[in-house]
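**Q** okay, predicted coordinates and the sequence, questions at the end:
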Protein chains: 2
Amino acid sequence: MKDAIAALRALEHKNYAYTYAQSLITYDAETGAPADSAAGRAEAVEVLSRAQFELLTAPSVDKLLDEADAAADSEQIHAEVRELRRMLSRIRPIPADEYAAFERLTQEAVAVWAKAKKASDFSVFAPYLEKMVAGRRRQAEQIAPGKDPYETLLDQYEPGLTIEKCDAFFNTVRAAIVPLLEAVKTRGSAIRTDFLNQDWPIEAQRTLSQKVMKLWGIDPDRCTLAESEHPFTDGFNTHDVRITTHYMANDVLSNLYSVAHEGGHALYELHVDPELDYTVLAGGASMGLHESQSRLFENMVGRSRGCIRLLWPTVHTLFGSQLSGVTEEEFYCAANRAEPGLIRTEADELTYCLHIMVRYELEKALLHGELTVADLPAAWNAKYKEYLGLDVPDDAHGVLQDIHWAWGNFGYFPSYALGSAYAAQAMADLAKTIDFDAMYAAGDLAPLRDALTERLWHYGNLKPTAWLVESLCGGPFDPKYYVSYLTKKYTELYNL
Amino acid sequence: MKDAIAALRALEHKNYAYTYAQSLITYDAETGAPADSAAGRAEAVEVLSRAQFELLTAPSVDKLLDEADAAADSEQIHAEVRELRRMLSRIRPIPADEYAAFERLTQEAVAVWAKAKKASDFSVFAPYLEKMVAGRRRQAEQIAPGKDPYETLLDQYEPGLTIEKCDAFFNTVRAAIVPLLEAVKTRGSAIRTDFLNQDWPIEAQRTLSQKVMKLWGIDPDRCTLAESEHPFTDGFNTHDVRITTHYMANDVLSNLYSVAHEGGHALYELHVDPELDYTVLAGGASMGLHESQSRLFENMVGRSRGCIRLLWPTVHTLFGSQLSGVTEEEFYCAANRAEPGLIRTEADELTYCLHIMVRYELEKALLHGELTVADLPAAWNAKYKEYLGLDVPDDAHGVLQDIHWAWGNFGYFPSYALGSAYAAQAMADLAKTIDFDAMYAAGDLAPLRDALTERLWHYGNLKPTAWLVESLCGGPFDPKYYVSYLTKKYTELYNL
């Protein structure tokens, strides 16, 4: 029966190779590929995704999984079988042609999205988005006939997540955020922001990125930083992680907190047990858990007083003239200010979930057939008016801003909000054993990295998501920690 | 029988996808991947190369090729069958395990080479090079039992090339170069080079790269420029070509002529008939032909008076202080000076072939089993003393300088010399119909691009190599044009 385990591993190594190739193609599309190169990429991805589909859905695989499960002598082998079965349940119901055609479509759609965003012209992207919505809806119905298609997609990114759970979670969070934001607006102390809109030389911003990566403790021999229109992270294995950022000459905080955020994803990927490399258990678990780590490093670490104290000498040296007359405390306050804006990736912690709710409600309506792609921009703009009180000037700063739908990722966005809440609860629990003031004073985040490795990172996909969430949070998930965190933070910051 | 042609094309599209994925992985390894990421890449390439091997060597392919050939209604289909048969003849004799293991090894070897070069420590790379030499030798014997293994490899890069032809060619060229170089040294006019070794800011060098690419007429939406330790070109299809360069702060000519060289490769790839995309006829033909275009644009165009006149205003604006008191004529002379050096990619046109001869003789001896890897550095250094009169200070500036052997490319180097000679003959013939002075005066290289498209570029691999060489050169290949070109050029430059 050892043969079954060897055959299982061989299957997983092959699966890894196809995933690696397609992930690299997608990464390259955003970081190095010429603008007009999408057609050749789509051609390749159609072939590779189909080969991977055929590899995994071959009739012999079921027998192999049964035999390997029976022969398994470790938790890891059982988990590999479990994860492969989960993957199979999500692809086998889809006809091979449709599966490969959809993967091809995503390559074409992303390139069209980039052009549409550049031109701020939704009409260019609309026909592709229509096909993506229809395709995902059909796939969801093939995977789980009769089930709400959006819920089927939600479950892909965060196993066990339902619309009911999302609604309850967002209601709780909204009930806290809306009055807090109102209080900030009506009676919050003024926060100085006059120095933010300046020219921040990009070479100096690049140096700051390296400083953040070093402070996070990211091994530069295993993780690189590239530039892309939309920041993201790809983890190929524990020795090959890529993060990207986007530099804006008039905004120093955008890149700073993109690197902080993607750096959190990278730490997670880099600290997975290397024994899991090339298996289906490699890499981070659910997207909610992944975003919990990125949001934790972006906000709870990156925007903390302790971290800003550590970064301040570098920031001040790099941007002496821009920060002339600005104090560390003023910089801290500006980096944490709550202010409704148009762009999710640059949103503060208080308004961030409102951006997510807009997307959650719109993508749910699209998948339910209650909203057409043609009506999407107007619906987007109306939600921004309703939730953030803002008029959206153009689609580049509105419905075209995010890459996710162009990648065919519907049901992903709630992970960001959920992850932020996991992070807040985890930090509350970690504070019982980690002296964060001492950690920042020592200038070494190792205690935090070690604790997160132990609670979450090293497991990869070995454990079920629910188990990992509880391990990370130190108890059953409860959004009250997130609400308390936001309330305390903004009450203090604005002297409410 | 139309089915056979459709099946042929389906096979070629699949083959394209595997080639694309592996080429991108190799490209990424040099441009974006973290330093310690080779293991995961090797893992993926072993799987993908084996899948491609199995795709092409499936027993059903022979029947398919016969049927497609019989059903072919165009030169292109016949050529696709011809090229697939040629590919098959070079891989089918190799056992699948050995084939995939060798592809895996190249990924590992390149990473080790990079580290060895950085540390200037040949001993780190030696065990890998030993395996590469042994592996290629075994493959050559499997492909053509009883034939000289080095000749089997030569033929892969330049179909029809033999050791006898190489020897005759190098003898002819050496007989011209050695006395010319001696004359330059003993009685050549002095060329001013005092201004070359300065600090040339890399941002300004980047701007110059863009200027060169624009002047060459390279479409930036279909070709990007990245940075790597060793400059190279990858052409995935006619809408996706990548070139790389390497910036050196104390040398403005190194990057300038790297971009000029790789830009020539890129133009070739970009101008192949798009109808050939995703077939086995896509991309440039032999490596000799490919290097003819890179060397033509690097030297016959890039180092010409006309081209330097066009670049001079940009160069002078970007490097005003470095070039203070330097005339355009002095810059031209410095860019063309003949001076034995240690590094092939920075060699002038006169000494360039001596660098190639060193490599040709050494790799031939390695493949013949007449030289061991352990003895290679000493042999390298001895040849540099003999041919270029130089003492090699360390292996980074010696045997470790080139990436080719780490990629497993033995038999490639003669293509550079042969390509230079093809280029000289082509230029002599093109001068009959193109008024080069007028072309440079107009500042648009379109007449040259159009002529090369017509003679060579648009054919891709459609025609046999010998046919393409003659089409490019305007007659049967004869190295006398190259000898005349070098003699005339250096006689004038040094007033010999």
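**A** Cool, the structure landed. Numbers count the residues shown, from 1 in each chain, chains lettered A, B, ... in the order given.

**Q** do you know how far the spatially closest residue to residue A:57 that is not a sequence neighbour is from chain B?
**A** Closest residue to residue A:57 apart from its sequence neighbours, by Cβ to Cβ, 6 or more residues apart in numbering or on different chains: residue A:92 at 4.8 Å. Just so you know, the C-beta spots here come from the backbone N, C-alpha and C atoms, and that holds for glycine as well. Distance from residue A:92 to chain B, counting by Cβ to the nearest Cβ, to the nearest Å: 21 Å.

**Q** isn't residue A:92 right up against residue A:59?
**A** No - using Cβ atoms under 8 Å as the test, residue A:92 is too far from residue A:59 to be in contact (10.2 Å).

**Q** ok, those two, which is more surrounded?
**A** residue A:92 (17 against 6; other Cβ atoms under 10 Å in any protein chain shown).

**Q** can you check the pLDDT for that one?
**A** You'll see residue A:92 listed with a pLDDT of 97.

**Q** what of residue A:1?
**A** In this prediction residue A:1 is given a pLDDT of 60.

**Q** which residues in the stretch 151-300 of chain A form helices?
**A** With DSSP state H, counting those that start in this stretch as the criterion, the stretch 151-300 of chain A has helices at A:163-187, A:202-216, A:252-270, A:287-295.

**Q** switch these over to CSV; also include distance to residue A:455.
**A** Formatted as CSV, those follow (distance: least, Cβ to Cβ, whole Å):
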stretch, distance to residue A:455
helix A:163-187, 21
helix A:202-216, 17
helix A:252-270, 11
helix A:287-295, 11
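
**Q** and those: which comes nearest chain B?
**A** Among those, the nearest to chain B by Cβ to the nearest Cβ is helix A:202-216 (8.3 Å).

**Q** and the contacts of that closest one?
**A** Helix A:202-216 is touched from outside by A:220, A:223, A:225, A:245, A:247, A:249, A:252, A:255-256, A:259-260, A:263-264, A:266-267, A:297, A:302, A:307, A:310-311, A:314-315, A:318-319, A:443, A:445, with contacts defined as Cβ atoms under 8 Å, 6 or more residues apart in numbering or on different chains.

**Q** enumerate the residues of the stretch 201-350 of chain A near chain B.
**A** Proximity of the stretch 201-350 of chain A to chain B is confined to A:219-224, A:226, A:236-237, A:239-242, A:277-278 under the rule Cβ under 8 Å from any Cβ of the partner chain.

**Q** then the stretch 51-200 of chain A?
**A** residue A:51.

**Q** OK, now which residue of the stretch 51-200 of chain A is nearest to chain B?
**A** residue A:51 (6.7 Å).

**Q** ramachandran coordinates for that residue?
**A** phi -60, psi -40 (degrees, to the nearest 10).

**Q** excluding chain neighbours, what is closest to it?
**A** Residue A:51 sits nearest to residue A:18 (Cβ to Cβ, 6+ apart), 6.3 Å away.

**Q** what is the burial count for the one you found?
**A** For residue A:18, using other Cβ under 10 Å, the count is 22.

**Q** residue contacts, it?
**A** A:48-49, A:51-52, A:55, B:47-48.

**Q** show me where chain A has strands.
**A** A:223-227, A:233-237, A:240-245 (DSSP state E).

**Q** how far off centre is the last one?
**A** Distance of strand A:240-245 from its chain centroid, counting by Cα atoms, centre = their mean, to the nearest Å, is 13 Å.

**Q** what helices and strands are in contact with that strand?
**A** helix A:2-31, strand A:223-227, strand A:233-237, helix A:252-270 (3 or more Cβ pairs under 8 Å, 6 or more residues apart in numbering or on different chains; DSSP states H and E).

**Q** now, of those, which is deepest in the fold?
**A** Most buried of those, by mean neighbour count (mean count of other Cβ atoms under 10 Å in any protein chain shown): helix A:252-270, with a mean of 26.

**Q** what angle separates that helix from strand A:223-227?
**A** Orientation note: helix A:252-270 sits at an angle of 150 degrees relative to strand A:223-227 (axes from the mean of the first three to the mean of the last three Cα atoms, to 10 degrees).

**Q** may I have helix A:252-270 exported as CSV, CA atoms only?
**A** C-alpha atoms of helix A:252-270 as CSV (Å, rounded to 0.1, in the frame of the first residue of the first chain):
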residue,chain,number,x,y,z
VAL,A,252,3.9,57.8,0.3
LEU,A,253,1.3,55.8,2.4
SER,A,254,-0.1,53.9,-0.6
ASN,A,255,3.0,51.9,-1.3
LEU,A,256,4.0,51.7,2.4
TYR,A,257,0.8,50.0,3.4
SER,A,258,0.7,47.9,0.2
VAL,A,259,4.1,46.4,1.1
ALA,A,260,3.0,46.0,4.7
HIS,A,261,-0.1,44.2,3.6
GLU,A,262,1.5,41.9,0.9
GLY,A,263,4.4,41.4,3.3
GLY,A,264,1.9,39.8,5.7
HIS,A,265,0.7,37.4,3.0
ALA,A,266,4.4,36.6,2.2
LEU,A,267,5.3,35.8,5.8
TYR,A,268,2.4,33.3,6.0
GLU,A,269,3.5,31.6,2.8
LEU,A,270,7.2,31.6,3.8
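
**Q** now residue A:308: how far from chain B?
**A** Distance from residue A:308 to chain B, by Cβ to the nearest Cβ: 28 Å.

**Q** which residues does that residue contact?
**A** Neighbours of residue A:308 in contact, by Cβ under 8 Å, 6+ apart: A:328, A:331-332, A:335.

**Q** give me the pLDDT value at the residue nearest to residue A:402 when sequence neighbours are not counted.
**A** Nearest residue to residue A:402, sequence neighbours excluded (Cβ to Cβ, 6+ apart): residue A:344, at 6.6 Å. pLDDT for residue A:344: 95.

**Q** isn't residue A:157 up against residue A:411?
**A** Yes - counting by Cβ under 8 Å, residue A:157 touches residue A:411, with 5.6 Å between them.

**Q** could you check which of those two is surrounded by more residues?
**A** residue A:411 (26 against 20).

**Q** so how far is chain B from that one?
**A** 28 Å.
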